[in-house]
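Undergrad: make a model of this:
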Amino acid sequence: MAPGNLSTVTEFIFMGITSDQTFLHLIFLLFLLIYLTAIVGNIVIIIIIIMIKDLHNPMYFFLSNLSFSDLCFCSAVTPKMLYDLLSETKVITFIGCVLQLFFFAMFATIEGYLLSAMAYDRFVAICQPLLYVVIMNRRTRVVLMTVVYFGGIVTAGIHTTSTFSLSFCGSNIINHFYCDIHPLMSLSCSDTYMNKTVVFGIVATLGLFSAAVTLASYVYIFLTIMNIHSFEGRHRAFSTCSSHLSCVGLFYGTVFFMYLRPASSYSVTQEKVVSVFYTMIIPMMNPIIYSLRNREVKEAMAFYVKKLF
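TA: Numbering: from 1, shown residues only. This is a model prediction of the structure:
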């Protein structure tokens, strides 16, 4: 791992999502709408959970943290990307790039760990309902969230240090719309083998461990649900997990496609398309999924809409 040469490159220039100027304003309006929907949707979820006492339980405690994570996650990239869509020069300072990568990686990692914590919460609720209040007490929730946020900070620190310990002494043009690991490494004049190995190892180890916790939880949940004799009971038990399962599928499917596919299959265009989905669509979809598929959230939303109008 070569020592970083911080004095050579002082700024980076993004190539952006597309060089085609034909639909640039239309793309800007579409992405702005998606971003505003994500912001409003997640803020509404947080406010509803805070204001409705019936939602002051572990499941919604984790959901409010997921919404907070989504807010920060999409805001680490999207505002700068929207600004750049209408700018002739898409410049970001070296320090700005470091910070963008760190916060992007941190909240992406936090989201993955948080989904695992939510899977464990559902496991306890369905498989050990009589002990749910005892097991998922305030102390347990605080410990879980401390581990989630600490893990996100440490993982993001490793990724950021690994990437910016490289020397950048050639081109400073990033073929992307934000500072991501792969595009930055492709600019380096250092040997990136060890850095790529570190990134792959961390994503594979922690990502697969987090996914394994989620999968194991749902295996036990599924077996428990199958032992429920009444159809109504099975449906009620499964309905409490369906929203979370949808979010898990969206998140892990995208992450594994982005970071664990072979280098030989890497495509810049494909990477940009998946990144848009990852950074904007998922944070927008999570509150929609929970509001449409969760009866308590829907009832709370309907109550406040009636009060407003």
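Undergrad: for stretch 128-141, give me every contacting residue.
TA: Contacts with stretch 128-141, where a contact means C-beta atoms under 8 Å, 6 or more residues apart in numbering, come from 58, 61, 62, 121, 124, 125. C-beta here means a position set from N, CA and C on the backbone, and glycine is covered the same way.
Undergrad: report the distance from that stretch to the chain centre.
TA: The chain centroid and the centroid of stretch 128-141 are separated by 26 Å under C-alpha atoms, centre = their mean, to the nearest Å.
Undergrad: start to end distance for that stretch?
TA: Distance across stretch 128-141, first residue to last, is 17 Å (C-alpha to C-alpha, to the nearest Å).
Undergrad: kindly report the same for stretch 129-148.
TA: End-to-end distance of stretch 129-148: 24 Å, with C-alpha to C-alpha as the criterion.
Undergrad: residues touching stretch 74-93, excluding its own?
TA: Residues from elsewhere that reach stretch 74-93, judged by C-beta under 8 Å, 6+ apart: 10-17, 24-25, 27-28, 31-32, 35, 38-39, 100, 103-104, 107, 177-179, 279-280, 283-284.
Undergrad: ok, and for it, which residues are buried?
TA: Buried positions in stretch 74-93, judged by neighbour count with 16 or more other C-beta atoms under 10 Å: 74, 75, 76, 77, 78, 80, 81, 82, 84, 85, 90, 92.
Undergrad: just to revisit the earlier point, taking the contacts of stretch 74-93 one by one, which sit in strands?
TA: By the criterion of DSSP state E, membership of these in strands covers 11, 12, 13, 14.
Undergrad: those residues, buried ones only, as a ChimeraX selection?
TA: Those of the ones in strands among the contacts of stretch 74-93 that count as buried under 16+ other C-beta under 10 Å are selected in ChimeraX with:
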select :12,14
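Undergrad: need the ones in strands among the contacts of stretch 74-93 in JSON lines (columns: distance to residue 212 and pLDDT).
TA: Formatted as JSON lines, the ones in strands among the contacts of stretch 74-93 follow (distance: C-beta to C-beta, whole Å; pLDDT from 0 to 100):
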{"residue": "11", "distance to residue 212": "41", "pLDDT": "90"}
{"residue": "12", "distance to residue 212": "36", "pLDDT": "93"}
{"residue": "13", "distance to residue 212": "40", "pLDDT": "92"}
{"residue": "14", "distance to residue 212": "36", "pLDDT": "93"}
